[in-house]
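Chemist: fold the following and give me the result.
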Amino acid sequence: TSTKGEKQLYIAAMANVTQIERKEMGMIRKSFGDACVTGAYMINRDQLADAMTAANIMPQDVEILERMFTMFDKMGAAA
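Modeler: Alright, predicted model coming up:
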């Protein structure tokens, strides 16, 4: 598990390498929340892609978020 300080460090690092603004992150978060209405509380790669498209995320940031998705894929399916 991460400490609060580690999480803040991760956020600061992301802020320095991406062009994603608060507005876009909010749109992605809302998309994920909408996807979790079913009670599954998981998203798949297609839902991530749809959320990034809806938020108009820049291609270089899409690549970063896709890599993060793979890194955090606890099921190991990368689907």
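Chemist: and the helices in this structure, which stretches?
Modeler: Per DSSP state H, the chain carries helices over the ranges 4-17, 22-35, 45-54, 59-72.
Chemist: mean pLDDT lowest where, among the ones you listed?
Modeler: For these, mean pLDDT drops lowest on helix 4-17, to a mean of 70.
Chemist: what is the neighbour count of the residue nearest to Phe69 when sequence neighbours are not counted?
Modeler: Closest residue in space to Phe69, ignoring its immediate chain neighbours: Leu48 at 5.4 Å, by Cβ to Cβ, 6 or more residues apart in numbering. C-betas here are computed from N, CA, C, even on glycine. By other Cβ atoms under 10 Å, 19 other residues sit near Leu48.
Chemist: from Lys4, how far out is Leu48?
Modeler: Distance of Leu48 to Lys4, given as Cβ to Cβ, to the nearest Å: 25 Å.
Chemist: ok, Asn56 next?
Modeler: Taken as Cβ to Cβ, the span from Asn56 to Lys4 is 31 Å.
Chemist: how about the contacts made by the most centrally placed residue in the chain?
Modeler: Central residue of the chain (Cα atoms, centre = their mean): Leu65, 5.6 Å from the mean position. Leu65 makes contact with Leu48, Met52, Ile57 under the criterion Cβ atoms under 8 Å, 6 or more residues apart in numbering.
Chemist: in a markdown table, list those residues along with distance to Glu21.
Modeler: Shown next, in a markdown table, are the contacts of Leu65 (distance: Cβ to Cβ, whole Å):
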| residue | distance to Glu21 |
| --- | --- |
| Leu48 | 18 |
| Met52 | 13 |
| Ile57 | 10 |
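Chemist: looking at those, which is nearest Ala13?
Modeler: Proximity of the contacts of Leu65 to Ala13 (Cβ to Cβ) peaks at Ile57, which lies at 17.6 Å.
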